[in-house]
Structures are given as C-alpha cells and as structure tokens.
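Fold the following for me, if possible:
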Amino acid sequence: ESLHSCVGLLGISAGSLLLAVHFYGSPRAAPLIPSTALGVLLLILSALLAYAGIRRSLRNASLLVPLCLTLSAFWSGYGLILILAGQGVLPAPGDARDALVPGLATFTLALLLLAVAGFLCGEPLLALVAAAVSLASAHEVALHYSSSLGPSAVACSHLVVCLVGGYFALGRILYFLTKGKVALPGVDLAQKKAQEQGRGSAGSTNPFAAAGLLLNMLSASVFCCRLLGVTHRLFLGHVPWLWAAGTYQIGICVLSFRAMDVLMATAFGFTSILKFAGGYSLLYPTWQPEEPAFPTPFLVVFSILFAVLALFLSLQSPVDGLYLLGFVSYCIALACSPRGFFAGGPQGVAVAIFVASASVALIHLYNVRARTKIPTGEGAVKALLARSSLLKLREGPDLHAPYLGYSKYADAEALAYACSVLASFALTATGDPQAPLATVVIPWVVVAGGFLKLLGGSVAFARGKTLESSAFILYAVMWVIWGLTRYGGLYGTARSFHTAVGIVAFILFNGFIVFCSLFLNLAWFFYSLTFTLIAVSFLLDAIHALPAGYDIAATLIFGLVSFYCFLAALSSSTFEGCCLPMGGPMVQLSGVGAGKTKCLHLPARKASSVKRIADILRNGGTCGIPTDTVYVLVAACSRPDAVEKAHRSKRQAQDRPMSLWISSLKQLEPAKHLFTPLLWDFMEAAWPSPISLVIPRGEWVDFLGMKDSAKYVGTPQSVAIRIPDCSVTTHLIDLVGPIVVTSANPTGEADTTHHNQVYAKLGDKVDAVLCGGPSPENIASTVVDCTKIESGNIGFFRVGIIPKSQVLQILEQVQKK
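Model prediction:
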C-alpha cells in the first residue's frame, strides 16, 4: 500500500514538473521540451499512474484510485495530442486549441469534483493535488482564449502540485530514516491504512465506478463543445480523447468485474464501444471527404440492450439505472440522425450525459469514503422486493462464486452475450461494396464482437468455465477476422479457396463446441448451434453461393438466441434462483455433471454452518474444512467407520499417514500421565500454531475412541498431532472432539487452497465442504520430530510456514523453564 501510494503521488508530481517546465519555456522560440518528447514522457507517466491506481487494494478504497486513473487517462490523451502537434498533423492555427480544450475543460471539472470529495471525506493531501491540477487545467483553457493570461500562471499551478509531492516525498524519507519516529502530517500511511481498515466496508462496493463516470464526461464534452460553439469542428484532434477514454473504460470494465460489480462492468463495456465508434467517425473523414453512415437497426438494438441493463441496474442502484437511460436516448438520437455523431440531436443528448455523469460521479466519489452516504435509492428497492415472494436480490460475498478454484472476477457472461447480439445485428448492414469503410461497422463488429468477447472469455477461463471460455474466444477470433476482412475493406471483390478452408476449420471447431454443449445446458446448445449458421453464411459467401437473405436470417436468429442468454445471465446474477431457465444438459452420462447437489457447500462465516458440519462428522461423514494453512479432509475420531472412509478416499501413501488434531490440551488431560513433562510443556508452548509434532505412539491413542481404525493414523511407532491456529477449526473440534486429518487432495497432487477445489479434486468422496474462500497461506504446516525430545534433540520431517529457528527457540525456552 505504501509503495503504490508513493508511486501514485510522486508520478503526479513528476508529470506536473514536466508541464511546469514546458509552460515556463513556452514563450521562447525553441521550447525547452519539444512537444513530441513531452507527449511521450506523459504517456510513460500515465502508464505509471494507471499501475498505481490499479494496484491499490480493493479492501481499502481511497480517492487515490479515481485520481490516478483519471489523471492517467487525461495525460495519455494530452500526450497523444502533443505528439500529433509535434509531428505536424495539426497544422492549422486553431487546431491545437480545438483539440485540447474539450479534454482540459472536462478534467478541470472532474478534478474539481475529486477535490471537493477529498475535502469532505478527510483526504486533504489528495484534495489539494486534485485542486491544483484542476486550477492548472482551467488556466490553460483561459490561456488558449486570452493572451493576457501568460503561461506562467499555468506553470505556477503545476508547481503547487510539485511542492505537495515534494512534501510527501520528504515526509516518507524522514519516516523511513527515523523508523517511524518522525512523520509529517498526512504522510503516515500506516496510520492512514489503519483508519481505512477501521472504516471496514463503509465505502462503495466498486471504487472504480467514479473513474468510469468521469471518462463518460470526457467523451461527451468533445461533442458538447462542438454544439456550444467552443470548438469550430469535429476532427482528427479529438480522436485521442475518445479513444483514450474508450481504452481506459475497458480497463475499468475489467476492474469492475474484479470488484464483483457485473452490471456496472457491463455498462462500461457498452459505453466504451460508443467511444470507439465516435473516434472512428471522426477519423474516417481524414481519408474520405464524406462522413460515415450508421447502421440504424444496430443502434436500435443497442438502445434496447442499454434499456434492459438500466432496468436491472436500477434494482441495484436506481440513480445508476436512471443515468443509463441517457445512453438509451443517445443511441436513439444516433439512429434518427443520418449524420450520426456530427448531428445536433446526439450532441444535445451528449450535453445531458455530461451533466448527469458529473452529478453521479460526485455521488460515487463521496460514497467511496463517507460513512454517511448520499442515498441512491437502494434501500427503497430492497424494501419493495422484500415484500415479494418471487424476486429476491442476490447479496453477500458468495454472490459470484466460481465453479473451480479461486477467481478474483465476477461472471462476465452477460457482456459476452451482449457482444454477440451487437455483432450479429451489425452484420445486417450490408453497406456499400465500393466503400466498405463508409459504414461504421468496424467498432461494432471488431470491438464489440471481438475484443470485448475476448475479455469475457478470459474472465470465464479465470472462473473455471473451460467450455464457455473456449467458445467465447473462438467466436471473438471469428468476429475480428471477418470484421476486418469483409467489413474493413480488406476482403475486396475477390473470393478464394483459402478463405473457404479457413471458415471450414472454424466450423469444425464449433462443431466440437456444439457437441460439448450437449452436456452443459439447452441454451448453450442453441447458442453454439446458431453460430454455426453464421459460419455457414460466411462460407457460402466465400464460394459465391450465398442465397439472398440467408445471412440476414442467420444473424437475426443468432442475435435473438444471444439476447435470451443475455437476459438469463443478467437475471441469474441479480436474483436468487434462476428467473430465466438455461435448461438442463441434453445428454447425461455418469460422471459428467453428476452429483452437483450431493455435496453441501456451507459458508464458514456462519456458526450454523459449523454446527451442520459437526453433525455430519458425528454421523460418520467426511468433510473438507479451512484451516490456518491449506484445506484439509477431516473425520471424527469417535467414528471409526469415518476414519476408515477418509483413508480409503485418499488412498494414502505409506509415507503420508493421517494425523490427529485437537482444540486444546484439555482433550488429552486424562492421558497426561502418559506424556513426559518436557513433551507436554513443549506442546503447550508450541500450540496453537501451524506446527505438527510427531510424538511416540502409546496408550494415550486409545483414549480417543478410534478402536480398530487407529491403525490408519500415524505409523506403528509415532503419530503427528497439533492444535490449529484457526478459530473456525478449533470451534468445530470443540463440538465434535478430536479429529483425524489429511490433505484435501489426491496423494501426490498440489495442496488445496480454495473450497471449490475440494469437491473438484475429491468428488463424491467428501460429504460436505466448509467454505472459507482462499486459504490464508499456500504453505503447509511445519512437521517436527519429537520422538527423541527427552535427549534434547528434535528433527524436522518438513519445514513449512514456521521456520526451524522459531521452533528451536520455543524448545530452548521450554528447556530453560
């Protein structure tokens, strides 16, 4: 945390220093830093700021996250425009001004909002930085319109940021040199982190939403400035702002999936497509005199997708849902305007989006840190749905539990299905064969159907959905290749045998996915099958045998199936229970998808769950549970049949015997006379901890009630025993009594570090799993040989999380005692 905060603030200071030098030297004939060099340096610093913003912990939400991401986007667009100006791409006298002003005006307001939120939420250092950069941007806007204001005023504002950064750097240096004894106000990050953790979950669930909303302001301001007459025309110089906003918004889409906010992540994916489309529209007239045309059916479908997403988002936050309705109006305005982004209607809606984005962004910025939040209507929706017996909102940390392993991302299937809808309806626009680039299809097909679907496939792979991720990635590759060739002007009028062979290869791959989807569910079978119709239309087109209307029919069928899957994915991520069924598997084989409900998965944070696991163990079951290290498979010592079952389920190797766990030495108190005083004192000093002690086998084992199954525990000469340093595990042992423990994985495989891996590795051999999320440690316990402890010597079978030196130090203290 300290490193990332330092990188962020010092990166801001470095960029401000460069800009201060640039504006101090701008009155000269030869500037101190050439425009191209300054642009490249700003791009490097923007990448550094993006890293600092992304690496901030999600648990400790801070205004540093939106500040770093917003400034990173600003400097990347600013740097690209400086590079264009330095290379002579903006030759006219007013081109540089028209290119820079929309972004400068947006970030003046955006950083002012950040400063207000910082002062209100008790982060004065960040608020001062944001206010100084906002003032510098405002001075630069004034400089472009009034020569009476010299560039020194802009440089002075940037110098304020440098001074704040210098103060911060000095404070951190003093803090480290004096080992924390000297800490200047505002730079003691350890104290700040403690305050953030003290606030707990008081902040917003998605700290990245505010940055995404500020980027919506940036794209809207490009068109607002043209409508209001601030800029003279829309041209190439505005493309860096639009494409920088689109690129960063895709990044914020990924971060929102990581923050488990499916709906806002999907919304940012949608709005990024509009930004890329706007940039393409402004770029196209540079090589063609006319303005590009827009496919009206596609925009109508896009407005429907926005409306559906707004409806679901309003159940989570009515303010955000109403905000998305602005984009519904925007798509309708684009559909009604032949000139698209160049028309006055869409530009008027962009003004409304700019104002709404600023208002909603301020609410999100304030709610990230404030204890008393600005109400967004969420409570009213929950109260309304509480009265309904049909609809119940999903809540809690297990909202987006993955199939296998531990995933840091929520489910992105809704975005992937929506991209299929967009790409399929984009293909219904045939366009002009002589000028294929004149129809704005590339952003729809390539960006929506291709790159965003690749993102959805990557997230599905991270969540353990192997088939779904393979399909999404395959379809993404198909959309990208076909969009760039046929609709990107690369295909031309020539058809070739090689093109047909490539499409046949895609059809064969998709045939395998269709076959596998028979074992998944009905919806996926139709989704993959209807994509075959699309591929067949591509094939028929390549060999000059495409019937009239077939490609339109195929894309419409695939689009409608994708739209149903989109609705089903949204409803399953919003409501408990499946509102729109995806159907069961069409083919059921033994071992394929079987037993999904046989093994209970209970959350470890609930005492009732621990009680149910205890009942299962008392009744002779075996369970997977979390510990202070990795997940383990346990059975109650009081049930010899369960101990034997655990042994059979693991097929234990002779050198990996099962061990015993207790919750306190009181459980061995009746047999205390059978232990030597040194060994007893050593156990008392070493536990609870991830230290397993291998002690001589003796009559004390009979006190645990394992009877004949005791032969499966330990070796004939010794037994490993420990008290785990985990409150859930010790509470369970208090309820059940001593337990027999083995690792929750087949012998010879890697340790199990997440509750979903327990059932994936052991299957029906485990009766229940206590779900505690990812393991706190990926290293097993330290195993100490205490069979010869009376001679003063101990050995080590395995050095795990506790080092040798610490164990020897404990023994030395016990011996002195």
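
Mean pLDDT per helix and strand in this protein: which one sits at the bottom?
Across the helices and strands of the chain, mean pLDDT, DSSP states H and E gives its lowest value to helix 189-199, namely a mean of 53.

Next SSE downstream of that one?
The helix or strand immediately downstream of helix 189-199 is helix 209-227, counting by DSSP states H and E.

who does that following helix touch, helix- and strand-wise?
In terms of contacts (3 or more CB pairs under 8 Å, 6 or more residues apart in numbering; DSSP states H and E), helix 209-227 is packed against helix 64-86, helix 95-120, helix 239-258, helix 262-283, helix 344-369. Bear in mind the C-beta positions are built from the backbone N, C-alpha and C, glycine included.

now Gly698: how far from Thr622?
26 Å (CB to CB, to the nearest Å).

So for the two, which residue has more residues nearby?
Per other CB atoms under 10 Å, whichever of Gly698 and Thr622 has more neighbours is Thr622, with 27 against 12.

So Val634 belongs to a strand, correct?
Yes - Val634: assigned to a strand according to DSSP: H, G, I helix; E, B strand; the rest coil.

Counting neighbours, what do you get for the closest residue to it other than its chain neighbours?
The shortest distance from Val634 to any non-neighbouring residue, by CB to CB, 6 or more residues apart in numbering, is to Ile739 (4.6 Å). If you count neighbours by other CB under 10 Å, Ile739 ends up with 29.

what about the spatially most central residue of the chain, distance to Pro91?
Centrality entry for the chain: nearest residue to the mean C-alpha point is Arg258, 1.8 Å, by CA atoms, centre = their mean. In this view, Arg258 and Pro91 are 43 Å apart by CB to CB.

one step back: quick check: the residue nearest to the centre of the chain touching Lys408?
Yes - judged on CB atoms under 8 Å, Arg258 makes contact with Lys408 at a distance of 5.4 Å.

Go ahead and name everything in contact with stretch 561-578.
262-263, 266, 305, 308-309, 312, 315-316, 391-394, 399-400, 410-411, 413-414, 417-418, 420-421, 424, 523-524, 526-527, 530, 579-582 (CB atoms under 8 Å, 6 or more residues apart in numbering).

average pLDDT for that stretch?
Averaging pLDDT along stretch 561-578 yields 86.

That stretch: which residues count as buried?
561-575 (16 or more other CB atoms under 10 Å).

What of stretch 364-371?
Buried-residue list, stretch 364-371, by 16+ other CB under 10 Å: His364, Leu365, Tyr366, Asn367, Val368, Arg369, Ala370.

do the same with stretch 501-521
Neighbour-count burial for stretch 501-521 flags 502-503, 506-507, 509-510, 513-514, 516-521 (criterion: 16+ other CB under 10 Å).

Next up, the contacts around Lys373.
By CB under 8 Å, 6+ apart, the contact set of Lys373 is Tyr366, Asn367.

Can you give me the distance of the residue nearest to the centre of the chain to Gly773?
Arg258 is 15 Å from Gly773, by CB to CB.

and if you look at Ile789?
For Ile789, the distance to Gly773 (CB to CB) stands at 37 Å.

does Leu679 really touch Cys786, like I thought?
Yes - under the criterion of CB under 8 Å, Leu679 is in contact with Cys786, at a separation of 6.2 Å.

Give me the more crowded residue out of these two.
Cys786 (24 against 18).

How about the contacts made by that one?
Contacts of Cys786 by CB under 8 Å, 6+ apart are Leu679, Phe682, Leu693, Val694, Ile695, Ile794.

residues in contact with the closest residue to the first one other than its chain neighbours?
Just to be clear, that refers to Leu679. Nearest residue to Leu679, sequence neighbours excluded (CB to CB, 6+ apart): Ile789, at 5.5 Å. Ile789 makes contact with Thr676, Leu678, Leu679, Phe682, Leu811, according to CB under 8 Å, 6+ apart.

cool, Phe525 as well?
Counting by CB under 8 Å, 6+ apart, Phe525 has contacts Val514, Ser517, Leu518, Gly583, Met586.

Can you tell me the closest non-neighbouring residue to it?
Phe525's closest residue in space is Ser517 (CB to CB, 6+ apart), at 4.5 Å.

shouldn't the one you found be in contact with Ser528?
Yes - using CB under 8 Å, Ser517 makes contact with Ser528 at a distance of 4.9 Å.

what residues do those two have in common as contacts?
Shared contacts of Ser517 and Ser528 (CB under 8 Å, 6+ apart): Ala471.

about what we covered before: if we take the buried residues of stretch 561-578, which one ends up nearest to Thr629?
Using CB to CB, Ser573 is the member of the buried residues of stretch 561-578 that sits closest to Thr629, with 32.8 Å.
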